[in-house]
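> Here you go, sequence then predicted model.
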Amino acid sequence: MEIVLRPVSDRFFQEAVLPVLTHAMGNAALALEALSGILADEQSRFLCEQLISAGAHGGLSTLEPESWAELVDRLVFLQWSQGEAGWEVAGQRAGYAGDWDEALHLAMMVESPDYPYAHAREARAERDAFRLKPRGDMGLASLVAGVWEPFPDFPPDQIFSTQGRGEYVPRDRFAFADWAWRPGGMVAQWNQSLPRKLERLLTREQERLKLTSLPEREELLAYWSGKATQPPPLAVVFSGLGPRAPGWIQEIGVITGHVREAAQEHTALVSLVTKGVEMHL
């Protein structure tokens, strides 16, 4: 399985995407009519009209699945900008794409001070449990696992699903699915806290390696913060942790780089677990 992280317009997601998904749960036709009225993208407007004319006389279950899937894909994963005639497609931004399990592993290394990343079996068990019942207080790891924050007014796993994971518990204000988003303000907060969390990870590595100091600490932090374009050569961190461990340095830099860029551009982030998409309508 792969995970995709993509920056999207924070304002468009809050003003267009969230309202249509919320209202479509009860009255899809009215939700689509309202959405069509604020869009300047001809293909999206066509899909709205097609869904309405096909008989959207209730909630999501009344919508034609293929057209609905295409519309949601355009709304959630394309770049949108405000034009004179309404919201228009501004293209598609390249985001992060990588192995889902590896990305969750790296995100938990950064976010959790107790994650047993140096012990493969224990780390695997913790990731597997986290995927089935993710926590909402783990920052980037929670997003990778599909937790929604803020809590949505609709069950996101009923919009679409790729792996069949999902839970929606209004009384606990908890929801997760195979896709999720975070508003720009939260992404900015993550970016502010990253230096402290990355320092903590290096301190754990120094203790694991029983070193008095990490010779490449400053170079690693410079790379992970975007101040250096390449990681230090022959770094000792994560040594002895298996054949994939040497790549963790660069991959952490790539993932945190996407968080940093989104924060600098004041955009939201969307996550999606890909492969074998199955619509639940």
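Sure thing, it's come through. Keep in mind it's a predicted model, so treat the numbers as computed, not measured.
> is it true that residue 272 touches residue 77?
Yes. Between residue 272 and residue 77 a contact is recorded at 7.3 Å, counting by CB atoms under 8 Å. For every residue, glycine as well, the C-beta is placed using N, CA and C.
> Give the residues shared as contacts by these two.
Taking CB atoms under 8 Å, 6 or more residues apart in numbering as the criterion, residue 272 and residue 77 both touch residue 6.
> Looking at those two, which one has more neighbours?
Neighbours were counted for residue 272 and for residue 77 using other CB atoms under 10 Å; residue 272 has more, 24 against 16.
> what helix or strand is that one on?
strand 268-274 (DSSP states H and E).
> helices and strands around that strand, which ones?
strand 2-8, helix 65-77, helix 140-145, strand 179-182, helix 184-209, helix 248-264 (3 or more CB pairs under 8 Å, 6 or more residues apart in numbering; DSSP states H and E).
> Dump the ones you listed to CSV, plus mean pLDDT and distance to residue 104.
CSV is the format used below for the helices and strands packed on strand 268-274 (pLDDT from 0 to 100; distance: least, CB to CB, whole Å):
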stretch, mean pLDDT, distance to residue 104
strand 2-8, 95, 8
helix 65-77, 94, 20
helix 140-145, 98, 5
strand 179-182, 98, 13
helix 184-209, 97, 15
helix 248-264, 96, 11
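> Can you say which of these is nearest to residue 19?
Closest of those to residue 19 is helix 65-77, at 10.9 Å (criterion: CB to CB).
> contacts for that closest one?
The contact list for helix 65-77 (CB under 8 Å, 6+ apart) reads 6, 8, 13, 16-17, 20-21, 41, 43-44, 47-48, 50-51, 54, 60, 89, 92, 159-160, 179, 181, 270, 272, 277, 279, 281.
> again, only using 7 Å
6, 16-17, 43-44, 47-48, 50-51, 159-160, 270, 279, 281 (CB atoms under 7 Å, 6 or more residues apart in numbering).
> For residue 145, state which of these is nearest.
After measuring the contacts of helix 65-77 against residue 145 - CB to CB - the closest member comes out as residue 270, at 13.9 Å.
> didn't that closest one look like it was pressed against residue 3?
No. Between residue 270 and residue 3 there is no contact under CB atoms under 7 Å: 11.0 Å.
> which of those two has more neighbours?
Set residue 270 next to residue 3 and count neighbours by other CB under 10 Å: residue 3 wins out with 25 against 20.
> Run through the chain and note the low-pLDDT ranges.
Along the chain, segments meeting pLDDT under 70 span 56, 275-281.
> Point me to the residue sitting farthest from the middle of it.
residue 212 (36.8 Å; CA atoms, centre = their mean).
> Distance check, that one against residue 222.
For residue 212, the distance to residue 222 (CB to CB, to the nearest Å) stands at 21 Å.
> re the thing from before, can you put the helices and strands packed on strand 268-274 in TSV and add distance to residue 242?
Converted to TSV, the helices and strands packed on strand 268-274 look like this (distance: least, CB to CB, whole Å):
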stretch	distance to residue 242
strand 2-8	20
helix 65-77	33
helix 140-145	20
strand 179-182	29
helix 184-209	14
helix 248-264	10
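> Can you say which of these is packed in most?
helix 140-145 (a mean of 26; mean count of other CB atoms under 10 Å).
> Can I get that helix in CSV, CA atoms only?
As requested, the backbone C-alpha atoms of helix 140-145 are provided in CSV (Å, rounded to 0.1, in the frame of the first residue of the first chain):
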residue,chain,number,x,y,z
LEU,A,140,1.7,13.7,11.3
ALA,A,141,1.4,10.1,12.3
SER,A,142,-2.3,10.6,12.9
LEU,A,143,-2.8,12.1,9.5
VAL,A,144,-0.9,9.2,7.8
ALA,A,145,-3.1,6.8,9.7
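> name the helices or strands packed onto the one helix or strand residue 81 maps to?
If you go by DSSP H and E, residue 81 is part of strand 79-83. Packing partners of strand 79-83 (3 or more CB pairs under 7 Å, 6 or more residues apart in numbering; DSSP states H and E): strand 86-91.
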